[in-house]
Each structure stands twice: as C-alpha cells, then as structure tokens.
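Undergrad: My questions are about this predicted structure, shown below with the sequence.
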Amino acid sequence: MSQAALRQPPATEATNDAIVEVRGVSKIYGDVEALRNIELSFARGKLTTLLGPSGCGKTTLLKIIAGLVPATSGEIRVNDRVVTGPGPERAFVFQDFALMPWATVMRNVGFGLELRGVREAERKRVAQHYIDQVGLSGFENKYPHELSGGMKQRVGIARAFAVDADVLLMDEPFSAVDEQNRRKFQEDLLKLVEIEKKTFLFVTHSIEEAVYVSDRIVLLSPRPGRVSQIIDPKIDRTATPDEIRRDPGYLDTVENIWDGLRHYAE
Ligand SMILES: Nc1ncnc2c1ncn2[C@@H]1O[C@H](COP(=O)(O)OP(=O)(O)OP(=O)(O)O)[C@@H](O)[C@H]1O
C-alpha cells in the first residue's frame, strides 16, 4: 500500500478517505454509449454496491476500475495512483467464478500468490486460512467439477482474499447460487467485511441484497449509465439477519429504491 493510502481521514468526514476515485469516466463501445461522465468516490473499508437497470453499465464500470477495460475518457485513481491496467491492490471476483478446472481448490485459491512467485509453503498457509474462512475446509484437494455452484463461488472469493488486495471488485458474486445459499453468503460477506477491513465494490441486481450488505448504494440510470442517486442504508448490524430483514428502516430503504427504479421498468 502506498504511503498516501495511509493518510488519516478527518474525524468528522470519513467518506473523504476515498480509496477508489472515478473521475469523469465515459465508455463507448462502437455505437453503444455505456457510461456517461461518472464521478464517484469509494470510501476505504466500506462496501459500496452498484445497482441499476440491466445494461446500464455496472459491469463495465467495475471492469474499468479493475483495469480490465479502458475508459473512453476520464480516469480511475486507486490509492492516489492512476489506473492503467490490473494491479495487485485490486482483485476481481467474476460472475462465472473463472476457476481453473484442472487445478485443486488449494491451487485455485493460491493461484494469485503463485503468479507473484510466493513460495509453496507460504502459499498453502495463506490459501488454507481463506479456505477455512469461507467454510471449505476438507475440500482442499477437490477439483471445481466436484463442487456445487455455491462452493465454486466460495473458492473465487477465497482466491480474491488470498492475494490481500485492498479493493475487492465483485460482479454479482451470488447470482449463480440458490436463495438459501445466497442469504448465507450475504451474512458471510458481512463478517468478512468486518474482519478483513477491505474495500468492496459490489454489483447486484437485487435491491434487497444491496440494502442488506451495503454501506452505500450507487443507483445508476438506464444506458448511458449516469449516477442517479446515492443511498446510505442505515442498518443496525448488531441485529440478527431476521431482525434486519423485518426492520422498518430496511424495508423503507428497499421500497424507496424500488420507487426510484420502477419508472425505468415501466
Ligand atoms: N465488449 C462489449 N462490446 C460491445 N458492447 C458492450 C460490451 N460490453 C458491454 N457492452 C454493452 O454496454 C452496455 C453496458 O453493459 P454492462 O454489461 O456493463 O451493463 P450491466 O449494467 O452490467 O448489465 P446487466 O445488469 O445486464 O449485467 C450494454 O448495452 C452492453 O450490451
């Protein structure tokens, strides 16, 4: 992490401590204008969700921040450095898991470290730690085809954690799992956010999921995606998951976002 990244936030304005800054970012694919002039800051240690109608450019924005897709104009800064491509301070969790089918869970989780030349013993130590954290102990020597969708997703998440990136970029990480597992993941994710103190940028289609897991929600307008609203759900994280889902504040926030999005769907 750069020294600049260690600067202290002012006592009263924690959101000033932006780790990721999106400055005037636009993206045009051929004749499709995907994003128009996006200005956003993502606070260090917080989970921010991008939410919006299908095709509004959520994945595109995440990939531009990851350095996987170039912006047509504007720039991304991470830890005060301009992004010119992928970097070790950012890890991307793909929607389709992107696991190596010929490698075991242990090797998949440690793969980012292997690419960096980390020795095998250290790689295994770190990988084991995150395999345990995501609840996959005992599956170290299994191959992806031997795992359920939910377990593969856990491998993808453990791999992202293992490289110790500051920023985790997650593109609909729970879309391929059933509702029961999805809820379990959301709870696990909240625990990891708390323990790991990393910054999460999350894309989802689910308003309920966004309100449940996010410190901040960025609502994008239909294509070309622009920032239409920023919502900071006030959720009491000390409550149980069931209490949260019945809390009037939670339910009102879900309803308000529905209202905001409804006219796009009609
Ligand atoms: N590589 C590409 N080439 C051309 N057009 C693209 C490319 N990638 C995305 N697009 C278009 O850009 C727009 C934004 O796509 P993107 O996948 O970022 O939206 P999204 O909000 O993530 O969509 P969804 O919610 O459906 O996943 C869409 O119209 C899409 O068809």
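TA: That came through fine.
Undergrad: can we go C-alpha only for contacts and neighbour counts from here?
TA: Fine.
Undergrad: Just confirm Gly138 is within a helix.
TA: No: inclusion of Gly138 in a helix is not indicated when DSSP: H, G, I helix; E, B strand; the rest coil is applied; the result is coil.
Undergrad: Please list all residues in contact with it.
TA: Gly138 makes no contacts at all, as judged by CA atoms under 8 Å, 6 or more residues apart in numbering.
Undergrad: Domain map for this protein?
TA: For the chain, whose domains are defined here by automatic domain parsing, the residue ranges read 1-9+17-89+166-266, 96-164.
Undergrad: Measure how far the last one is from the centre of its chain, please.
TA: Translated: domain 96-164. 18 Å (CA atoms, centre = their mean, to the nearest Å).
Undergrad: which bits of this protein sit near the ligand?
TA: Taking CA under 6 Å from any ligand atom, the part of the chain that reaches the ligand is made up of Tyr29, Ala34, Ser54, Gly55, Cys56, Gly57, Lys58, Thr59, Thr60.
Undergrad: What subset of the residues you listed is buried?
TA: For these, a neighbour count by 16 or more other CA atoms under 10 Å gives the buried set as Ala34, Cys56, Gly57, Lys58, Thr59, Thr60.
Undergrad: mind listing the strands for this protein?
TA: If DSSP state E is used as the criterion, the strands of the chain fall at 18-29, 32-43, 47-51, 73-78, 81-82, 90-93, 167-171, 199-203, 216-220, 227-231.
Undergrad: Those: lowest mean pLDDT?
TA: Per-stretch mean pLDDT for those is lowest at strand 90-93 (a mean of 86).
Undergrad: Given it, what are its sheet partners and their directions?
TA: Strand partners for strand 90-93, identified by DSSP bridges, are recorded as strand 167-171 (parallel).
Undergrad: For the partner strand, buried residues please.
TA: Val167, Leu168, Leu169, Met170, Asp171.
Undergrad: Worst mean pLDDT among the domains of the chain?
TA: Across those, domain 1-9+17-89+166-266 gives the lowest mean pLDDT, at a mean of 86.
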